[in-house]
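**Student:** sequence and predicted structure, then a few things I'm wondering about:
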4 protein chains.
Amino acid sequence: MKKGRLEAFSDGVIAILITILVLELKVPRGDDWSALRPLLPVFLTYVLSFAFLGIYWNNHHHLLHAAERINGKILWANLHLLFWLSLIPFTTGWMGENHVAALPTATYGVVLLLSASAYLVLQTAIVAEQGPASKLSAAMGRDLKGKVSAGSYLAAIPLAFVSSWIAIGLYVFVALLWLVPDRRIESGLE
Amino acid sequence: MKKGRLEAFSDGVIAILITILVLELKVPRGDDWSALRPLLPVFLTYVLSFAFLGIYWNNHHHLLHAAERINGKILWANLHLLFWLSLIPFTTGWMGENHVAALPTATYGVVLLLSASAYLVLQTAIVAEQGPASKLSAAMGRDLKGKVSAGSYLAAIPLAFVSSWIAIGLYVFVALLWLVPDRRIESGLE
Amino acid sequence: MKKGRLEAFSDGVIAILITILVLELKVPRGDDWSALRPLLPVFLTYVLSFAFLGIYWNNHHHLLHAAERINGKILWANLHLLFWLSLIPFTTGWMGENHVAALPTATYGVVLLLSASAYLVLQTAIVAEQGPASKLSAAMGRDLKGKVSAGSYLAAIPLAFVSSWIAIGLYVFVALLWLVPDRRIESGLE
Amino acid sequence: MKKGRLEAFSDGVIAILITILVLELKVPRGDDWSALRPLLPVFLTYVLSFAFLGIYWNNHHHLLHAAERINGKILWANLHLLFWLSLIPFTTGWMGENHVAALPTATYGVVLLLSASAYLVLQTAIVAEQGPASKLSAAMGRDLKGKVSAGSYLAAIPLAFVSSWIAIGLYVFVALLWLVPDRRIESGLE
């Protein structure tokens, strides 16, 4: 039962964040194509952030599903994750409205990196509570996918000042890594 | 249990979208009838979109209720549906504030068409998981109502450039098709 | 299980409406008492609408708790109630920002009256589904409290054009009628 | 089951409040460091309020988990708590945008004090319903942590007019009191 409420609260927060994102898509003044065009970068960053929040919800779902016991430390680790995820709409808006300028694009990477770290902390706390012999501990494996993601964010942050498009490319690569359900890639990485 | 969280997350997102819609109804400056009048087209598009989101929630409810098993593909198909539904408040606002101009009205139809397609993908993924002998597979039947809806959207998109009111008429027709609980129509179509 | 999702969706929508209300309380520019003063009427209408949405959630909770079976008609009656409730933040903002001018105050009463009617429709649909011999049917009684509320709204709408304060007084009276847990009043009315 | 819906509604409201907070972080115009700097006080007050709402959710979770029975009085005491919590985003925004000026900082303390009082009322109503011999009644103990918190708020409100930073220091102290999981402090206080 305890677990149920942790899931419900996280579902609520992620559901709201994913819909707050769309508030950045402000209704344009005109009614023709030219009114829609300046929205294109905002729309593309919206799609990217929707995918990231969707991936987090999906992974959170699987992680909690495998967990059997919850403690106070896990509650706080979960709130810590939600804190960093809550900054995604803000950085998405900043990046999109400035046509992926260097600093906003790097800041987006910082928030993604801190979210990934917070997820790792949550995962570690949950695995510790279930014990080393649990199914979850075995399922985690070497977590290569997580390491490749963190490495990509770390590279993207300074590279955003060379070219925003390299950073964006790395973010899209990480999103695809988690989205594409290719069994061979998944097996190779995990 | 897995199903429970998918339902809770979808409920959360649709509940937020349906209430974000109302944020487009901006509090007018004046305090007399003339202040309220420019809100009329925004209000009418609000009613239409509220009905569409209500219909999606209702159908989603019935679809998931009939499902017994869930898999990773279904989770993503569901997020894909929620993505297109999340664009409904934006296109509603654009259409309402421009007094149903041609392009916004056609864009609204595009989002409805993509939402309907996403729903079909989700339905197919769920039916596939339950197996061809399942109750759900039988209940789907020929899905005539879904085909009439998709055809209406397809017709409305180009027709919006002839007259917005034809397109609006087709959207209202589809909404009524799902709202009116006339048993004969339902039997005839399904 | 069906009932669970209807409750969850309604909880979601009412929770969002109650918090969207607070968005009308816009952060003032200055940092002294004079900055806070123009917010007073907005704040008072916020308290009133918070109470009304709280009362609806509370009554909805009791009504659904007593219900055992749900059908398609009840799903739509519930969405219909949520539609009218969704207009409360808009009319609250309009009334508060215009210092309870006549037309906004009357409009607020219209939305309250239509919400009350929608609640009655939902209640009737639920009682019909449970059957005339059900506990719920007996518990409804003569529903004097509901009738007094509807009568007060009906009186308040034209009276708002005489004096807004009479209308406001009637709204506060109805809110207190449901809030005050005086057993004698409750027994007398029900 | 009754308890489940109370928890779900509270989860919904707190989840929305915690994400409405982030709406105060408005996307800045520029794309360099100077654009980000004026956001710093708003960001720091965001972190503080996120922590407070997280603490309330956490404590609410534990309190309701220990409760076995619910009554009408508890439903209203819970709505009363949610009312005061709903004012946290507004006062956070006012304090952050005015660079912790005296009156907004004191107002923030008033809302925290009234939230703490409302929590105490809810706790008392729940303990009363469970009976004096219940586990919950024993677990409450002398509630030293709650008393230290209330005393700190009471001191911070007038002290904000001497120096905002003393008041802020007291708010941070209370947040840390609940966040830091030092067993000795917890034992000493409870």
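**Tutor:** Everything's here; your move. Residues are numbered from 1 along each chain as shown, chains lettered A, B, ... in the order given.

**Student:** neighbouring contacts of stretch A:155-162?
**Tutor:** A:Ala102, A:Leu103, A:Thr105, A:Ala106, A:Gly109, A:Val110, A:Leu113, A:Ile166, A:Ala167, A:Leu170, A:Tyr171 (C-beta atoms under 8 Å, 6 or more residues apart in numbering or on different chains). The way it works is simple: take the backbone N, C-alpha and C, and place the C-beta from them, glycine included.

**Student:** may I see the buried residues of the helix or strand the fourth one falls within?
**Tutor:** Spelled out, that is A:Ala106. Using DSSP states H and E, A:Ala106 falls within helix A:102-130. Neighbour counts using 16 or more other C-beta atoms under 10 Å in any protein chain shown place A:102-116, A:118-123, A:125-127, A:129 of helix A:102-130 among the buried residues.

**Student:** give me every residue that touches the spatially most central residue of chain A.
**Tutor:** For chain A, A:Phe52 is the residue whose C-alpha lies nearest the centre (C-alpha atoms, centre = their mean; 3.9 Å). In this structure, A:Phe52 makes contact with A:Ile88, A:Leu112, A:Ala175, judged by C-beta under 8 Å, 6+ apart.

**Student:** got the residues of chain A near chain C?
**Tutor:** Residues of chain A lying close to chain C by C-beta under 8 Å from any C-beta of the partner chain are A:Gly12.

**Student:** what's the weakest-modelled helix or strand in chain A?
**Tutor:** Least confident element among the helices and strands of chain A, by mean pLDDT, DSSP states H and E: helix A:183-189 (a mean of 49).

**Student:** hmm, back to that, tell me the angle the strand or helix carrying the residue nearest to the centre of chain A makes with helix A:102-130.
**Tutor:** Assigned by DSSP H and E, A:Phe52 belongs to helix A:40-66. Computed by axes from the mean of the first three to the mean of the last three C-alpha atoms, to 10 degrees, the angle separating helix A:40-66 from helix A:102-130 equals 10 degrees.

**Student:** gap between helix A:40-66 and the chain center?
**Tutor:** 6 Å (C-alpha atoms, centre = their mean, to the nearest Å).

**Student:** any low-confidence regions in chain A?
**Tutor:** Counting by pLDDT under 70, chain A contains low-confidence residues at A:1, A:138-142, A:180-190.

**Student:** which parts of it sit against chain B?
**Tutor:** So far as C-beta under 8 Å from any C-beta goes, chain A lies against chain B at A:7-8, A:11-12, A:14-16, A:18-19, A:21-23, A:25, A:27-28, A:30-33, A:36, A:47, A:50, A:54, A:57-58, A:61, A:65, A:179, A:181.

**Student:** what about those residues, which are in helices?
**Tutor:** A:7-8, A:11-12, A:14-16, A:18-19, A:21-23, A:33, A:36, A:47, A:50, A:54, A:57-58, A:61, A:65, A:179 (DSSP state H).

**Student:** put the buried members of those residues into a PyMOL selection.
**Tutor:** To isolate in PyMOL the members of those that are buried, counting by 16+ other C-beta under 10 Å, one can use:
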select buried, chain A and resi 7+8+11+12+14+15+16+18+19+21+22+36+50+54+57+58+61+179
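
**Student:** which of the ones in helices among the residues of chain A next to chain B are close to chain D?
**Tutor:** Contacts with chain D within these, counted by C-beta under 8 Å from any C-beta: A:Ala8, A:Gly12, A:Ile16, A:Leu23.

**Student:** name the nearest residue to A:Ile166, sequence neighbours excluded.
**Tutor:** Among residues not flanking A:Ile166 along the chain, A:Leu159 sits closest, at 4.6 Å (C-beta to C-beta, 6 or more residues apart in numbering or on different chains).

**Student:** next one: A:Lys3
**Tutor:** A:Ile70 is the one closest to A:Lys3 (C-beta to C-beta, 6+ apart), at 5.2 Å.

**Student:** show me what contacts the one you found?
**Tutor:** Contacts of A:Ile70 (C-beta under 8 Å, 6+ apart): A:Lys2, A:Lys3, A:Leu6, A:Glu129.

**Student:** quick check: phi and psi on it?
**Tutor:** Dihedral pair for A:Ile70: phi -130, psi 150, per degrees, to the nearest 10.

**Student:** surely A:Val121 and A:Leu79 touch.
**Tutor:** No. With contact defined as C-beta atoms under 8 Å, A:Val121 and A:Leu79 do not form a contacting pair (11.2 Å).

**Student:** so which strand or helix has the closest residue in space to A:Val47 that isn't next to it in sequence?
**Tutor:** Across the structure, with C-beta to C-beta, 6+ apart as the measure, the residue nearest A:Val47 apart from its sequence neighbours is B:Phe83 (7.8 Å). Taking DSSP H and E as the definition, one finds B:Phe83 inside helix B:72-86.

**Student:** put the alpha carbons of that helix into PDB.
**Tutor:** Taking Å, rounded to 0.1, in the frame of the first residue of the first chain, the C-alpha atoms of helix B:72-86 are listed here in PDB:
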ATOM      1  CA  GLY B  72       6.100  -2.500 -23.000                       C
ATOM      2  CA  LYS B  73       4.800  -1.900 -26.500                       C
ATOM      3  CA  ILE B  74       1.400  -0.900 -25.000                       C
ATOM      4  CA  LEU B  75       3.000   1.500 -22.600                       C
ATOM      5  CA  TRP B  76       4.700   3.300 -25.500                       C
ATOM      6  CA  ALA B  77       1.500   3.200 -27.700                       C
ATOM      7  CA  ASN B  78      -0.300   4.800 -24.800                       C
ATOM      8  CA  LEU B  79       2.300   7.600 -24.400                       C
ATOM      9  CA  HIS B  80       2.000   8.100 -28.200                       C
ATOM     10  CA  LEU B  81      -1.700   8.600 -27.900                       C
ATOM     11  CA  LEU B  82      -1.300  11.000 -24.900                       C
ATOM     12  CA  PHE B  83       1.200  13.000 -27.000                       C
ATOM     13  CA  TRP B  84      -1.300  13.800 -29.700                       C
ATOM     14  CA  LEU B  85      -4.100  14.500 -27.200                       C
ATOM     15  CA  SER B  86      -1.700  16.900 -25.500                       C
END
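
**Student:** distance check, A:Ala125 against A:Ile88.
**Tutor:** Counting by C-beta to C-beta, to the nearest Å, the gap from A:Ala125 to A:Ile88 is 22 Å.

**Student:** hang on, I meant A:Met95
**Tutor:** With C-beta to C-beta as the criterion, A:Met95 and A:Ile88 are 10 Å apart.

**Student:** same check, this time on A:Leu79
**Tutor:** Taking C-beta to C-beta, one finds A:Leu79 at 16 Å from A:Ile88.

**Student:** now do A:Ala150
**Tutor:** Distance from A:Ala150 to A:Ile88, by C-beta to C-beta: 17 Å.

**Student:** check contacts around A:Pro111.
**Tutor:** You called it Pro, but residue A:111 is Val. A:Val111 touches A:Trp84, A:Leu87, A:Ile88, A:Thr91, counting by C-beta under 8 Å, 6+ apart.

**Student:** closest to chain D out of these?
**Tutor:** A:Leu87 (7.0 Å; C-beta to the nearest C-beta).

**Student:** dump the residue contacts of the closest one.
**Tutor:** Residues near A:Leu87 by C-beta under 8 Å, 6+ apart: A:Val111, D:Val22, D:Leu25.

**Student:** once you drop chain neighbours, what's closest to the last one?
**Tutor:** Closest residue to D:Leu25 apart from its sequence neighbours, by C-beta to C-beta, 6+ apart: A:Phe90 at 4.9 Å.

**Student:** and the angle from whichever strand or helix holds that neighbour to helix A:40-66?
**Tutor:** Assigned by DSSP H and E, A:Phe90 belongs to helix A:88-97. Orientation check (the same axes, to 10 degrees): helix A:88-97 against helix A:40-66 gives 160 degrees.

**Student:** and the contacts of helix A:88-97?
**Tutor:** Residues contacting helix A:88-97 (C-beta under 8 Å, 6+ apart): A:17, A:20-21, A:23-24, A:41-46, A:48-49, A:52-53, A:101, A:104-105, A:107-108, A:111-112, A:115, D:22, D:25, D:27-28, D:31.
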